[in-house]
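In: structure, please.
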Amino acid sequence: MRTAFQIFKRDLKRILANPVAIVIAIGVAIIPSLYAWFNILANWDPYENTSTVPIAVVIEDRGADVGDMGTINAGDMIEEQLKENTQLGWTFVDDEQAALDGVNAGRYYAAFVVPEDFTSSLGDVLSGDTNQAHIAYYVNEKLNAISPKVTDTGSTTLETQIANEFVGVVGKTITEKLQGLSTSLMAESDAATATLSSDLSQVQVMLTNLSGDLSGAQQTIADARQTVADARTTLSQVSSSATSLSDALSQSMDTLGATRTKAQTLGAQLSGALGTGVSTISGISAEANHSIGEICGDIGWAQGQLDGAISQVGALNDNTFASMRSSLEQAQAKVSALPDTVPNKQQMLASIQQALTAIDELRSATSGKIEQLKGVSGSIKETNDAVSGLSNSVNDAVQSSAQGLSSLQGSLASTTLPALSNSLDSFADAGGRLVGLSSAVAPMLSQVDGALAQLDGVLSQSADALSQTADAVSGAADKVGGLATDAAAIQSAETFSILQDVLGLDAEQVGDFMGSPVDMVSSPIYPVANYGSGVAPFYTNLALWVGGFVLVAIYKLEVDEEGIGKFKPWQGFFGRWLLMNLIGQLQAIICCVGDIALGIQCLNPVAFVFAGMVESFVYVFFVYAISVAFKHIGKAIAVLLVILQIPGASGTYPIEMMPDFFKNLHPWLPFTYGINAMREAIAGFYGSYYATNLLVLLLFLIPSLLIGVTARRHLLNINTLFDRRLADTDLMITERDAAGHTRFRLATIVKVIMNSGEYKATFLERAAKFELMYPVLVKRGFAALIWVPLVLLALMFVLPHKFAMLMLWILSLVVICTFLIVVEYLHTRVSEKTTLADMAPEQLYALLDDELREEFMAFAPLDKMRLERRGGNAADQQPKTTEDSEAKTETDSTKGGEA
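Out: Predicted coordinates:
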């Protein structure tokens, strides 16, 4: 680095020894700051000056009669409010056409026209019409990009003021109307509350009585169910007796058959047998009469029980249900008479109606079942009568048989046996009919039992329905009691007291509150005093980048050997950079201190200035490195980068508002971190954001160093090509020392030395082919340079993806230009290599010696070895005069690489 500092000292001496150079250096240090200062002052607080922006206002409103508010004119209200508003330069114009002419001519940025029916349209809202009132808004967007946004703010302000004023007037009117009605409302409320309490108390008493009636009905149904259960038990016993009778009759019929057989087979013993038969028939008659009597008695008792149950259920259906319905209808009438404002009125009416419907359904079902039971009772009576008649028939048959046997006992031979046979046949017929009747009794009894079971089910459902009705009536009674309590407590309630307080409010206060019910409380985090302080980091970073570009435009990039002698390329790079960094630091200090002197907000001035110095250090190094490595192309890259950083570094607008391309580019731009660091110093620190942003910014030195020191020597030939071609125009500036000798790869030089003839033949053959292709490639390249951008430009007007087409358009230009540069570079290299092939061996060895020295000087003492071999020393190789120095091309300028 000692040589680099020697170069730096020499450059300082040259500047200090020349007054003009001193003035230029001072100008270079100050001029970039002017860019930041003027922009900061111009944007100091533009939104505070919006009162000078002329806005035309035309009020044509005629006013209208708006209900209870009387006659009002909303247009006059707007005018009064706008005269007190200083956000914009409100200018009142009498004629709409004059206002529009002013907007078209640029005298006004915008115009608001309030129509004639504006007030009436606002008043229609109170009558239920939802059509909004309209104000015409005209804006001239051609005058300025920002002015439409400013005038849009004015339209929002106007809309808000109209809403606040109109709502305030409506609120005031409503409050005054309520105050006028408050006295009568309070008196009517007291009377209504007293009447309501009395009616509710009566309804509660009626519902309580109805609940007691329902409890009695439930007990009656329970007794009826017990009677039905007893009847079913008796029927079960009768069924068992009927079965026993059928069995006895069957046995009697068997005995009768045996008797007839004996009578026919024992004719000789007929007299004795007839006596026995008479006794047997008498016993059978007595047994049959006894069984039939028991059956008739049981059936009669069952019929009596069933008739009693039917009478009880009928009484319940006729009396209890009628009483219940009457009570519910009275309660329904009382509740219906209550005011509609009584809470739960509809619920109570629904509950009572539900109970009435249930009672009607229960009464109808019970009546049907009673009729069915009456039919069953009639069937039982008929059966009992038939059984009684059968007993008489049996007695007659038995008596007839006994008399026949007695009378015929004496005349056995002639008439007894036939008469006996006939009597037995008659008795058998009667016994068969008795067996049939006894068999029919069981199904009838089963029918009666089924009917009683159905009656029990109906009574069970009736009990459930009455239970639900009792619960509903009890709940209704509780609700009515609660309503009575609430009605009695209304006048002393806190809510009623609050209502009285509200009705006593000042109408003006109510109107003001309704017009602006919300007070927005702003609490800024890291507040910034003005817009100029907010944009200061962006314009300061931009000025420092421009300062670095001015340095590479004013000062030479290549270092000469005057007063220094031979030096390594990296020494020349850092030697000239030290000078540029010094001026860059002066630029940063002047710019940042000037920002603070202008009055920007800066909570930590030291951190602000330090951030500027770090940013200048990085920006100057980066611009210098790419300019040294790529010469004119590098300067173009520096300009391209600043173009990308203006929208992509979030200097003015949030990066979230930018297209995706700039969002993705944002973290890769140096401005991003430089601006963030300065914002920390201006508005306040958060954590380690300040240090983190500066450290990330310093990381950009790594690629800059690689480009400036490492890649530079490989790009020397193409840079030389540019300098020569630009110098040929005699219009564009190039550095004198940049047109040094061309550098060849060591492998190429060695190949020519080792096999000059073969290399030359092969190379000339390839060169001839390339020369044939060269004109074609150039023509096609320039044709593509014209037509491809034109086609893409035409597509940009048709396709919707404008930004993507723009990027493709730029990329096509870069690719085609790169192609032309490569073709021209190869054409130049062909000519240079032809010269190399024609060199004499001594020239080739000298060239190889120079290339070895330049390539490996940093790693081996080749220069010392070469001088010792020549018998000289390093001092003898130093230039003795300025002319010799200028004639000798510096090593740094001649170092390059083969493409």
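
In: confirm that Glu561 sits in a strand.
Out: No: secondary structure of Glu561 (DSSP: H, G, I helix; E, B strand; the rest coil): coil, not part of a strand.

In: would you agree it is in contact with Phe567?
Out: Yes: between Glu561 and Phe567 there is a contact under CB atoms under 8 Å: 7.1 Å. The way it works is simple: take the backbone N, C-alpha and C, and place the C-beta from them, glycine included.

In: low pLDDT regions in the stretch 401-550 of the chain?
Out: The model of the stretch 401-550 of the chain has pLDDT under 70 over residues 401-452, 454-459, 462-463, 465-466, 468-520.

In: go with 80
Out: Along the stretch 401-550 of the chain, segments meeting pLDDT under 80 span 401-524.

In: domain map for the chain?
Out: Per automatic domain parsing, the domain ranges recorded for the chain read 2-42+530-704, 50-181, 192-486.

In: I'd like to know how many residues surround Lys635.
Out: Lys635 is flanked by 17 other residues according to other CB atoms under 10 Å.

In: other residues contacting the helix or strand hosting it?
Out: Using DSSP states H and E, the element containing Lys635 is helix 632-648. Helix 632-648 has contacts (CB atoms under 8 Å, 6 or more residues apart in numbering) with 542, 545-546, 548-549, 552-553, 622-623, 626-628, 630, 651, 653, 655, 658, 662, 665-666, 669-672, 722, 726.

In: buried stuff in it?
Out: For helix 632-648, a neighbour-count test (16 or more other CB atoms under 10 Å) marks 633-635, 637-638, 641-642, 644-645, 647-648 as buried.

In: next one: stretch 111-118
Out: 111-115, 117-118.

In: cool, and stretch 546-557?
Out: Neighbour count says stretch 546-557 has 546-552, 555, 557 buried, by 16+ other CB under 10 Å.

In: okay if I get the residues you listed as CSV plus distance to Ser51 and secondary structure?
Out: Formatted as CSV, these follow (distance: CB to CB, whole Å; DSSP: H, G, I helix; E, B strand; the rest coil):
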residue, distance to Ser51, secondary structure
Val546, 34, helix
Gly547, 37, helix
Gly548, 40, helix
Phe549, 39, helix
Val550, 39, helix
Leu551, 43, helix
Val552, 45, helix
Tyr555, 48, coil
Leu557, 52, coil
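
In: kindly reformat these as CSV containing distance to Trp90.
Out: What follows is the buried residues of stretch 546-557, written out as CSV (distance: CB to CB, whole Å):
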residue, distance to Trp90
Val546, 41
Gly547, 44
Gly548, 47
Phe549, 46
Val550, 46
Leu551, 50
Val552, 52
Tyr555, 55
Leu557, 58
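
In: and which of those residues is nearest to Phe610?
Out: If you rank these by distance to Phe610 using CB to CB, Gly547 comes first, at 16.9 Å.

In: avg pLDDT for stretch 653-668?
Out: Stretch 653-668 carries an average pLDDT of 86.

In: I meant to write stretch 42-57 there.
Out: Stretch 42-57 comes out at a mean pLDDT of 83.

In: now it: buried residues?
Out: 43-44, 50, 53-57.

In: if we look at that stretch, which residues are touching it?
Out: Residues outside stretch 42-57 that contact it (CB under 8 Å, 6+ apart) are 78-79, 82, 86-93, 99, 102-103, 107-112, 114, 146-147, 150-151, 153-154, 530-532, 535.

In: distance between the ends of it?
Out: Stretch 42-57 has an end-to-end distance of 29 Å (criterion: CA to CA, to the nearest Å).

In: helices of the stretch 501-650 of the chain, residue ranges please.
Out: 507-515, 531-554, 569-598, 605-630, 632-648 (DSSP state H, counting those that start in this stretch).

In: put together TSV for these, with distance to Ala29 on each row.
Out: Supplementary listing: the helices of the stretch 501-650 of the chain in TSV, determined by distance: least, CB to CB, whole Å:
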stretch	distance to Ala29
helix 507-515	58
helix 531-554	8
helix 569-598	4
helix 605-630	11
helix 632-648	19
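
In: mind telling me which of these the model trusts least?
Out: For these, mean pLDDT drops lowest on helix 507-515, to a mean of 53.

In: what's the closest non-adjacent residue to Val535?
Out: Asn43 (5.3 Å; CB to CB, 6 or more residues apart in numbering).

In: helices or strands up against the helix or strand encompassing Leu808?
Out: Assigned by DSSP H and E, Leu808 falls within helix 802-837. The elements that helix 802-837 packs onto, with contact taken as 3 or more CB pairs under 8 Å, 6 or more residues apart in numbering; DSSP states H and E, are helix 716-729, helix 746-754, helix 756-798.

In: average pLDDT across the shortest one?
Out: So the one you mean is helix 746-754. 67.

In: show me how to select, in ChimeraX, the buried members of the contacts of helix 632-648.
Out: Selecting only the buried entries of the contacts of helix 632-648 in ChimeraX, with 16+ other CB under 10 Å as the criterion:
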select :542,545,546,548,549,552,622,623,626,627,628,630,651,655,658,662,665,666,669,670,671,672,722,726
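
In: thinking again about what came up before, phi, psi for the residue nearest to Val535 please.
Out: phi -110, psi 20 (degrees, to the nearest 10).

In: nearest to Val778, of the buried residues of helix 632-648?
Out: Looking across those and measuring by CB to CB, the closest to Val778 is Ile633, at 19.2 Å.

In: ok, the closest one to Ala453 distance?
Out: Distance from Ile633 to Ala453, counting by CB to CB, to the nearest Å: 112 Å.

In: over to Lys13?
Out: 133 Å.

In: filter the buried residues of stretch 111-118 down to the ones in helices?
Out: Counted as lying in helices by DSSP state H, out of these, are Phe118.

In: report the two of the buried residues of stretch 111-118 separated the most.
Out: The widest separation within the buried residues of stretch 111-118 (CB to CB) is 18.8 Å, between Ala111 and Asp117.

In: quick one: mean pLDDT for the helix or strand where Ala4 lies?
Out: Secondary structure from DSSP H and E places Ala4 in helix 2-16. Averaging pLDDT along helix 2-16 gives 87.

In: now do the buried residues in that helix.
Out: Buried-residue list, helix 2-16, by 16+ other CB under 10 Å: 3-4, 6-8, 10-11, 15.

In: reformat those as JSON lines; add distance to Leu699.
Out: As requested, the buried residues of helix 2-16 are arranged in JSON lines below (distance: CB to CB, whole Å):
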{"residue": "Thr3", "distance to Leu699": "28"}
{"residue": "Ala4", "distance to Leu699": "23"}
{"residue": "Gln6", "distance to Leu699": "30"}
{"residue": "Ile7", "distance to Leu699": "27"}
{"residue": "Phe8", "distance to Leu699": "25"}
{"residue": "Arg10", "distance to Leu699": "32"}
{"residue": "Asp11", "distance to Leu699": "29"}
{"residue": "Ile15", "distance to Leu699": "32"}
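
In: so which of these is the closest to Glu361?
Out: For the buried residues of helix 2-16, the minimum distance to Glu361 (CB to CB) is 113.8 Å, reached by Ala4.
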